[in-house]
Each structure stands twice: as structure tokens, then as C-alpha cells.
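Colleague: Have a look at this fold, sequence not included:
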């Protein structure tokens with residue numbers, strides 16, 4: 001979660017979530033894997049999405065939807081804040097699911113340079129989610145990640 005708190009990262013991830021339906025936790029996993037020089041293929045991303053899909057769709061997205069509706073009403077701010085805590089707890093559960101999947105897979109060490117590995121992993125996630133033009137879709141996130149994640153020369 002350290003990466004999520006870096007400047008610009010959360011907003012770039014949330015934009016992809018809200019505009020294109022991409023899963024923030026799976027995108028963060030793709031970043032983690034790249035830092036570890038681990039490849040995430042489109043097949044891997046699809047398998048990981050399969051592990052998370054029911055929980056994300058039936059729990060996390062439902063909580064988020066209700067929270068956002070209540071946040072728009074001034075008389076329900078306290079309920080919205082409580083739902084945010086539930087949503088975050090549900091996302092932590094999803095992260096545990098991702099970690100369990102990670103521990104059950106064979107590591108495929110990447111021979112790509114760190115930036116190329118990061119870009120490849122993120123494109124795999126976007127393509128597995130049905131994105132048509134993954135490269136341009138991911139460009140804003142990659143620009144932020146280059147600044148905060150990749151070593152500067």
C-alpha cells in the first residue's frame with residue numbers, strides 16, 4: 001500500500017477504476033510483480049481476475065456504490081464514512097485473495113528491464129479486463145509510476 005500513497009498514484013488508479021472498470025488491487029499487484037521482476041501474463045491476469053471477480057462484483061462494488069450515493073447526501077455523511085471502512089476492509093480481503101493466488105503460482109522471472117516489465121504487466125491486466133487500447137489507457141498511470149516507482153538515473 002506504500003505505492004498507493006505516493007503522489008498521483010491513487011488518483012491515476014481510481015481514474016482507471018471509475019472510467020474503465022479496472023481493478024485497483026490487481027493493478028497494484030502488477031506493479032508489485034514488476035518490482036520483483038516477475039512477469040504477469042494476460043493468462044495470469046485473467047486467472048487472478050477469476051479469483052477476485054465474485055468478491056469484487058458482489059461485495060466491493062456494491063459497498064462502493066451505496067457509499068457514493070450516500071456521500072452525495074449531506075444528512076448521511078456518517079453512514080458513508082462507516083461504509084468506507086467496510087469497503088476498505090473488503091478490499092483488504094481481496095488483497096489477501098491476491099496474495100494467496102500469488103503464493104500458489106510459479107514465479108516467472110522477467111528478463112525485461114524494470115520499466116518494460118511494469119508496462120507489460122499493466123497491459124496484461126488491462127487486456128485481460130477487455131481494454132481495447134491498453135497502451136493509451138495506461139499512459140497516465142505509467143507516467144506517474146515512472147516518477148515514483150522506477151529508479152531514476
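Modeller: Right, received. Where do you want to start? No experiment lies behind these values; they were computed from the predicted model shown.
Colleague: how about residue 51, what does it touch?
Modeller: Contacts for residue 51 (C-beta atoms under 8 Å, 6 or more residues apart in numbering) come out as 97-98, 101. Just so you know, the C-beta spots here come from the backbone N, C-alpha and C atoms, and that holds for glycine as well.
Colleague: ok, and the most crowded of those residues?
Modeller: The most crowded member of the contacts of residue 51, judged by other C-beta atoms under 10 Å, is residue 98 (19 neighbours).
Colleague: Now that that one has come up, it's in contact with residue 29, right?
Modeller: Yes. Between residue 98 and residue 29 a contact is recorded at 5.2 Å, counting by C-beta atoms under 8 Å.
Colleague: Could you tell me which residues touch both of the two?
Modeller: Residues within reach of residue 98 and of residue 29 at once, by C-beta under 8 Å, 6+ apart, are residue 48.
Colleague: Which positions within stretch 104-111 qualify as buried?
Modeller: residue 110 (16 or more other C-beta atoms under 10 Å).
Colleague: what's in contact with that stretch?
Modeller: For stretch 104-111, contacts defined as C-beta under 8 Å, 6+ apart pick out 34, 37-39, 41, 44, 117, 120.
Colleague: Dump the contacts of residue 51 to JSON lines, plus pLDDT and distance to residue 18.
Modeller: Listed next are the contacts of residue 51 as JSON lines, based on pLDDT from 0 to 100; distance: C-beta to C-beta, whole Å:
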{"residue": "97", "pLDDT": "97", "distance to residue 18": "22"}
{"residue": "98", "pLDDT": "97", "distance to residue 18": "20"}
{"residue": "101", "pLDDT": "95", "distance to residue 18": "25"}
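Colleague: about what we covered before: would you list the contacts of stretch 104-111 in TSV and tack on pLDDT?
Modeller: Output for those, formatted as TSV (pLDDT from 0 to 100):
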residue	pLDDT
34	94
37	93
38	94
39	94
41	95
44	95
117	95
120	96
